[in-house]
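In: give the three-dimensional model of this entry:
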Amino acid sequence: MNKKIWYPLLAVSTLLSAWAHFYTSIQPLQFGTACLSLLFWAALLGKATESVAHYAGERIGGFLNATFGNAAELIIAIFLVKEGLFDMVKASITGSIIGNLLLVLGLSMFVGGVKYKTQNFNPVLAGHNASLMMLSVIALFVPAAFLTDPTRVTAQEDITVSVIIAVALILAYILWLIFSLVTHRKEMGASVDGMVDGIENEEHAIWSKWGSILVLVISTTFVAIQSEWLVHSVQSVAHTLGWTEMFVGAFLIAIIGNAAEHSAAIFLAMKNRMGAAVEIAIGSSLQIALFVAPMLVFVSLLFNRPMDLVFTNYEVAAVAVSALIASSVSRDGSTNWYEGILLLLVYVILGTVFFIV
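Out: Residues are numbered from 1 along each chain as shown. Below you'll find the predicted structure:
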């Protein structure tokens with residue numbers, strides 16, 4: 001990160017976004033400047049979490065990176081729920097999952113594979129990730145298959161079932177954290193005693209330990225602010241451009257929100273730390289599916305605007321094919337540039353279909 005260039009750009013984009021939000025009524029301009037500023041702040045957030053990971057270790061660091069990398073998606077989704085834009089919320093959840101599994105992981109595999117012929121990571125962790133991805137697909141498929149007939153299921157029953165599924169998913173995620181970070185930490189770990197894939201990690205963090213935490217807090221705060229400004233104008237912009245809420249939520253908002261994961265995972269793959277890159281990309285998708293999505297159900301209840309977990313057939317199909325191809329290419333614990341291309345091609349196919357639909 002070139003601070004001489006980066007920080008002025010960050011400041012200018014933030015001031016432009018503030019000016020457009022408070023002093024103009026041109027919503028496309030508000031949306032564009034908010035997107036630009038959000039990209040810079042999300043990337044800074046990614047760098048801050050990468051710096052924190054240097055002090056916390058690769059497994060904990062990957063978890064923190066995925067967690068704070070998802071802060072943008074979660075904050076955007078909360079504001080969308082508050083506005084009652086449930087279709088866009090669900091589309092953004094879908095987009096976050098497929099974006100991490102296909103775009104972030106695909107770019108990481110491709111960029112890392114161009115530099116290194118084959119990159120390896122923990123196959124045991126890859127196997128568990130594949131199982132959790134299937135759980136995510138099941139959690140989306142069951143409500144879509146059984147709760148869409150209004151003659152059999154009332155709106156209240158719909159919400160009740162969604163709450164039960166949300167509790168089950170959050171429980172599964174919490175138990176996974178205990179399993180992977182506590183009881184089976186050695187089996188799941190990709191690095192021990194400062195070693196990464198058997199190579200000593202001699203890199204230095206960008207900031208000190210407390211400096212990293214401070215930057216993390218500041219960047220998360222500004223991500224929240226820019227997210228609110230973006231949501232304020234997104235519906236009008238989508239209508240003006242003729243884009244559906246599904247496409248805007250699944251691709252535009254998801255790509256912007258995934259900026260932190262993009263930068264961190266790709267840089268780690270370029271340093272032959274594919275284990276950490278996979279932990280960020282797949283771990284982030286799992287966190288969205290198993291924690292963020294069900295948590296939004298409870299957030300919607302706080303706003304007195306109940307949201308269910310019934311996704312459209314398009315969204316369920318998109319998550320299913322993404323989980324299938326990501327599981328297929330990563331289950332053996334090794335990657336190459338061609339597998340990255342396969343993931344990116346599937347992302348292009350889904351993006352084309354979502355745009356048309």
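
In: check contacts around the nearest residue to residue 117 once chain neighbours are set aside.
Out: Nearest non-adjacent residue to residue 117, counting by CB to CB, 6 or more residues apart in numbering: residue 336, 6.8 Å away. Glycine gets a C-beta too; all of them are placed from N, C-alpha and C. By CB atoms under 8 Å, 6 or more residues apart in numbering, the contact list for residue 336 reads 109, 113, 117, 118, 119.

In: closest to residue 348 among the residues you listed?
Out: In terms of CB to CB, no member of these lies closer to residue 348 than residue 109, at 15.3 Å.

In: you'd agree that closest one is up against residue 334?
Out: No: using CB atoms under 8 Å, residue 109 makes no contact with residue 334, being 10.1 Å away.

In: okay, and the common contacts of those two?
Out: Common neighbours of residue 109 and residue 334, using CB under 8 Å, 6+ apart, are residue 119.

In: helices of the stretch 51-200 of the chain, start to end?
Out: 58-69, 71-82, 86-98, 105-115, 123-146, 155-178, 185-188 (DSSP state H, counting those that start in this stretch).

In: pull out the buried positions in the last one.
Out: Applying a neighbour-count criterion of 16 or more other CB atoms under 10 Å, the buried positions in helix 185-188 are residue 188.

In: coming back round to it: right, so of the helices of the stretch 51-200 of the chain, which gets closest to residue 340?
Out: Of all these, helix 105-115 sits nearest to residue 340, with 3.1 Å by CB to CB.

In: what mean pLDDT does the closest one have?
Out: Averaging pLDDT along helix 105-115 yields 92.

In: distance check, residue 74 against residue 294.
Out: In this view, residue 74 and residue 294 are 12 Å apart by CB to CB, to the nearest Å.

In: surely residue 270 meets residue 112?
Out: Yes: shown here, residue 270 and residue 112 form a contact pair, counting by CB under 8 Å, at 6.1 Å.

In: regarding residue 41, what is its secondary structure?
Out: helix (DSSP: H, G, I helix; E, B strand; the rest coil).

In: give me the nearest residue to it, chain neighbours excluded.
Out: residue 222 (4.6 Å).

In: dump the residue contacts of the one you found.
Out: By CB under 8 Å, 6+ apart, the residues touching residue 222 are 14, 37, 41.
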